[in-house]
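next come a sequence and a model predicted from it.
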Amino acid sequence: MDSRERIHRSLRWIEERLDEYADGPAENARVDSAGTAGEAPDERVDPAGAAAEACLSPFHFHRVFVSLLGEPPGAYIRGRRLTRAARELVDTDRPILEIALRWGWESQAGFTRRFTERFGRSPGVFRRDDSRIPFVVREAYSPDWVEHRLKGITMEPRIETKGPIRVVGLQGISTLANNTIPALWEAFNERAEEVPHRREDGAAYGICQYVDAPEFDENTPFTELAGIEVTAFGDVPVGMVARYVPARKYAIFTHKGPVGRLRETYDYIYGVWLSRSGEELEKSDDMEVYDERFSMTDPENSELDIWVPLK
């Protein structure tokens, strides 16, 4: 049994044990052995039990889990418990204390502290406004996700200063719920030859404009630019725009595989890597960079880079 199959087994075991939380009475709910104040150990769903299911010692299981998935097993289990608790807050009218007990906390105070650390708001506030739940929850890792994580995402990005860059292209408004970006690229590709001063070896850039808003959810509009790098501005084609991107520090991740799996890559970047990297995001645009490695005809071996702006 190789490392990936061991991790798949442990992930299935974790979800089965969490199902017991959902089905069991609140007074029987406890938590994992990585708990702190307000939490207590429970052999039903803890890293040691997951390690046993994977037929590894806790020491080796921890190392394999982190190396393959990028976060410690205790943090993953805690995130899954908090996610299930968050969904109960939204989908049921159970009291917060009951939900806290059901998902393994011995007190509402301990649950509230962990919940706020994870989601940036208290359980009560979250219940009243669940708009951010698609972006902050820790969904279960599926076997397909694990394979994409292993083969399709760089675990650690390159930290580099890039720019300045000049881009000319078409600009449009999109949302995550109604994604118009593929149509924007289709329209630009039909007109790309109209752009003067294109760099001979220039890449194409998808620039997602930073949204300075107190809330962001699936229906929040944002501006996307689909364009190509140029050496100079001038004679910008009708209907297109020019964008100057100053030099800036970025975390550069490589996504390998179909563009349909980009959401999973972004989930890893913002849901796993950022929280443990110690880096801070700059309030600036992020970019997707399509160079000679990108291929629409061979999507499984296609590559593109994601530039995440850092302070």
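Structure received. Residues are numbered from 1 along each chain as shown.

longest helix of the chain, counting residues only.
The longest helix of the chain (DSSP state H) is helix 3-23.

please save the CA atoms from the very next helix or strand once past that helix in PDB.
Following helix 3-23 in sequence order, the next helix or strand is helix 47-53 (DSSP states H and E). Written as PDB, here are the backbone C-alpha positions of helix 47-53 (Å, rounded to 0.1, in the frame of the first residue of the first chain):
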ATOM      1  CA  PRO A  47      -4.700  11.800  14.400                       C
ATOM      2  CA  ALA A  48      -3.700   8.700  16.200                       C
ATOM      3  CA  GLY A  49      -6.800   6.800  15.100                       C
ATOM      4  CA  ALA A  50      -6.300   8.100  11.500                       C
ATOM      5  CA  ALA A  51      -2.700   6.900  11.700                       C
ATOM      6  CA  ALA A  52      -3.700   3.500  12.800                       C
ATOM      7  CA  GLU A  53      -6.200   3.300   9.900                       C
END
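
check which helices and strands helix 47-53 is in contact with.
Under the contact definition 3 or more CB pairs under 8 Å, 6 or more residues apart in numbering; DSSP states H and E, helix 47-53 sits against helix 3-23, helix 58-69, helix 73-91. C-beta: built from backbone N, CA, C; applies to glycine.

check the offset of that helix from the chain's centre.
26 Å (CA atoms, centre = their mean, to the nearest Å).

residues making contact with it?
Defining contact as CB atoms under 8 Å, 6 or more residues apart in numbering, one finds that helix 47-53 is touched by 9-10, 12-14, 17, 32-34, 43, 57-58, 60-62, 65, 72-74, 77.

can you tell me the strand partners of the host helix or strand of Arg243 and which way each runs?
Per DSSP H and E: Arg243 is located in strand 241-245. With DSSP bridges as the test, strand 241-245 is paired with strand 165-174 (antiparallel).

buried residues, the strand it pairs with. List them.
Buried residues in strand 165-174, defined by neighbour count with 16 or more other CB atoms under 10 Å: Ile165, Arg166, Val167, Val168, Gly169, Leu170, Gln171, Gly172, Ser174.

how about stretch 186-203?
Phe188, Ala192, Val195, His197, Gly202, Ala203.

the third one and Ala226 touch, don't they?
No: judged on CB atoms under 8 Å, Val195 makes no contact with Ala226 at a distance of 11.5 Å.

gap between the nearest residue to Ser277 once chain neighbours are set aside and Pro157?
Leaving aside its sequence neighbours, Ser277 sits nearest to Ala251 (CB to CB, 6 or more residues apart in numbering; 7.7 Å). Relative to Pro157, Ala251 is positioned 4 Å away (CB to CB, to the nearest Å).

overlap of the contact sets of these two?
With CB under 8 Å, 6+ apart as the test, Ala251 and Pro157 both reach Trp273, Val308.

ok so, going back, dump the helices and strands packed on helix 47-53 into TSV; add mean neighbour count and mean pLDDT as well.
Converted to TSV, those look like this (neighbours: other CB atoms under 10 Å; pLDDT from 0 to 100):
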stretch	mean neighbour count	mean pLDDT
helix 3-23	17	82
helix 58-69	17	76
helix 73-91	21	88
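
make a markdown table out of the ones you listed and add distance to Leu274.
Formatted as a markdown table, these follow (distance: least, CB to CB, whole Å):
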| stretch | distance to Leu274 |
| --- | --- |
| helix 3-23 | 22 |
| helix 58-69 | 15 |
| helix 73-91 | 13 |
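
tell me which of those helices lies nearest to Val245.
helix 58-69 (32.7 Å; CB to CB).

the closest one packs against which elements?
Contacts defined by 3+ CB pairs under 8 Å, 6+ apart place helix 58-69 against helix 3-23, helix 47-53, helix 73-91, helix 143-152.

how about CSV for the ones you listed, with distance to Ser277 added?
What follows is the helices and strands packed on helix 58-69, written out as CSV (distance: least, CB to CB, whole Å):
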stretch, distance to Ser277
helix 3-23, 22
helix 47-53, 22
helix 73-91, 14
helix 143-152, 16
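
closest to Ser284 out of these?
Using CB to CB, these put helix 143-152 closest to Ser284, at 25.5 Å.

can you give me phi and psi for Glu71?
As for Glu71, its main-chain torsions (degrees, to the nearest 10) stand at phi -150, psi 150.

surely it and Arg276 touch.
Yes: taking contacts as CB under 8 Å, Glu71 lies within contact range of Arg276: 6.4 Å.

what about these two, which has more around it?
Taking other CB atoms under 10 Å, Glu71 and Arg276 do not tie; Glu71 has more neighbours (17 against 12).

quick one: the strands in the stretch 151-300 of the chain?
158-162, 165-174, 204-208, 222-229, 241-245, 248-256, 286-290 (DSSP state E, counting those that start in this stretch).
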